[in-house]
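Participant: Any chance you could fold what I've pasted below:
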Amino acid sequence: MASGRGSNFQAIIDAGIRNETPDVEIVQLVVNKPGVGAIQHAEKNNIPYEVIDSSKMSREEFDKKTIKIFEEKKIEVVVLAGFMRLLTSVFITKYKDRILNIHPSLLPAFPGSQAHKDTIAYGTKISGCTAHLVDEGVDSGPIIMQSAIQINQNETENSLSEKILVHEHKILPQALQLLCSNKIILEGRKVRIKSD
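Facilitator: Numbers count the residues shown, from 1 in each chain. This is a model prediction of the structure:
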């Protein structure tokens, strides 16, 4: 699921092409805005996609429409690859512990949609990104993997975003492979990763 340019979606596609995610099969893309960049990545890679315009319906209606598509395609794991809309409990319950999100901060610090702005405003020296499972809170689900970067004194929201994005593109496919290969064991909110 994506809302924008689709660079994290493309990172998952690329990881598959490089055989880094043998247990991952991309079956369907859902975007919530017409004309977003993620659609072009789907077209270029022959991946079916659906546009469900979230501005024309309630969150629950959107989630129910998406679930219907995912049920028809027998989707097992959902990835929020730059998907900028909160999911309802209807969706989260349906795919409990099978929804993966990437967030551009070292959670639990700076959840929500203004992570870069909040990070810079706070004067943090280190930031990064977090791949985590989605629960009913905002960016509060169990953490699978994190990657850290140094923040420069003259950092801007844009420069921070670009630096972190490189790391998002690495850990999102890795976390997805772990999830799809049943290597993730949840112990409360702690994630343990099964070794081979």
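Participant: Would you mind putting the CA coordinates of the longest helix seen in the chain into PDB?
Facilitator: Counting by DSSP state H, the longest helix found in the chain is helix 157-180. Taking C-alpha atoms only, helix 157-180 is exported to PDB below (Å, rounded to 0.1, in the frame of the first residue of the first chain):
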ATOM      1  CA  GLU A 157      14.100  18.200   6.700                       C
ATOM      2  CA  ASN A 158      15.000  17.400   3.000                       C
ATOM      3  CA  SER A 159      18.600  16.300   3.600                       C
ATOM      4  CA  LEU A 160      17.500  14.200   6.600                       C
ATOM      5  CA  SER A 161      14.700  12.600   4.500                       C
ATOM      6  CA  GLU A 162      17.200  11.700   1.700                       C
ATOM      7  CA  LYS A 163      19.800  10.300   4.100                       C
ATOM      8  CA  ILE A 164      17.200   8.100   5.900                       C
ATOM      9  CA  LEU A 165      15.500   7.000   2.700                       C
ATOM     10  CA  VAL A 166      18.600   5.000   1.700                       C
ATOM     11  CA  HIS A 167      18.300   3.100   5.000                       C
ATOM     12  CA  GLU A 168      14.600   2.600   4.600                       C
ATOM     13  CA  HIS A 169      15.200   1.000   1.200                       C
ATOM     14  CA  LYS A 170      17.600  -1.500   2.900                       C
ATOM     15  CA  ILE A 171      15.700  -2.600   6.000                       C
ATOM     16  CA  LEU A 172      12.100  -2.700   4.600                       C
ATOM     17  CA  PRO A 173      12.800  -5.600   2.200                       C
ATOM     18  CA  GLN A 174      14.900  -7.300   4.900                       C
ATOM     19  CA  ALA A 175      12.100  -7.100   7.500                       C
ATOM     20  CA  LEU A 176       9.600  -8.200   4.900                       C
ATOM     21  CA  GLN A 177      11.600 -11.300   4.100                       C
ATOM     22  CA  LEU A 178      11.800 -12.100   7.800                       C
ATOM     23  CA  LEU A 179       8.000 -11.800   8.100                       C
ATOM     24  CA  CYS A 180       7.300 -13.800   5.000                       C
END
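Participant: Average pLDDT for that helix, rounded please.
Facilitator: In this model, helix 157-180 carries a mean pLDDT of 97.
Participant: got the contact list for it?
Facilitator: Contacts of helix 157-180 with the rest of the structure, by Cβ atoms under 8 Å, 6 or more residues apart in numbering, involve 7-8, 11-12, 14-16, 20-24, 76-77, 79, 81, 98, 100, 102, 104, 116-117, 119-120, 127-129, 131, 144-147, 149, 151-152, 184, 193. C-beta coordinates here come from the backbone N, C-alpha and C atoms, glycine included.
Participant: Please convert the buried members of these into ChimeraX selection syntax.
Facilitator: Here is the ChimeraX command that selects the buried residues among these (16 or more other Cβ atoms under 10 Å):
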select :7,8,11,12,15,16,21,24,77,79,81,98,100,102,104,116,119,120,127,128,129,131,144,145,146,147,149,151,184
